[in-house]
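Colleague: This is the structure alone, sequence omitted:
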């Protein structure tokens, strides 16, 4: 048995909690970690992935750090109205943060998760994805897309 490290724990914690929020508010929205997988599934769908990370010293003369992780949430929908509704639902949920879970894996599958602190949301930004091309010429998954970017930090000093 193995365990996810911090970044994968953050991604998986956010994915699990946003799946629950979306399942309670909408029908049949897939939440994925793999951007490439999105193009092989039905819409609407949401992709969550970790981006750049900043590591800030907690105090002088120690190696203790706090990490700030940039999280990308891409929403793929069938209409402009649909992605706006999904976006607003997600932002309403995101702003209060997340439970940070530690995940145990075996054979590539998650076998357990244990709550171990909080994920705090430091910043939220959202914008439409604009390809500067007529929507009718775009792939169906790219016609109606929206991006939410959040910066998060855990409650743990590493």
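Modeller: Yep, it's here. Nothing here was measured: the structure is a model prediction, and the numbers come from that model.

Colleague: What segments of this protein are helices?
Modeller: The residue ranges that make up the helices of the chain, judged by DSSP state H, are 6-25, 35-38, 80-94.

Colleague: And these: which comes nearest residue 143?
Modeller: Ranking these by distance to residue 143, with CB to CB as the measure, places helix 80-94 first at 9.2 Å. C-beta: built from backbone N, CA, C; applies to glycine.

Colleague: Apart from its neighbours in sequence, what residue is nearest residue 106?
Modeller: Spatial nearest neighbour of residue 106, chain neighbours left out: residue 1 (4.7 Å); criterion: CB to CB, 6 or more residues apart in numbering.

Colleague: can you list the helices of the chain in CSV and add distance to residue 108?
Modeller: Putting those into CSV (distance: least, CB to CB, whole Å) gives the following:
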stretch, distance to residue 108
helix 6-25, 12
helix 35-38, 15
helix 80-94, 28
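
Colleague: Between those helices, which has the poorest mean confidence score?
Modeller: When the helices of the chain are compared by mean pLDDT, helix 35-38 comes last with a mean of 82.

Colleague: Cheers, nothing more for now.
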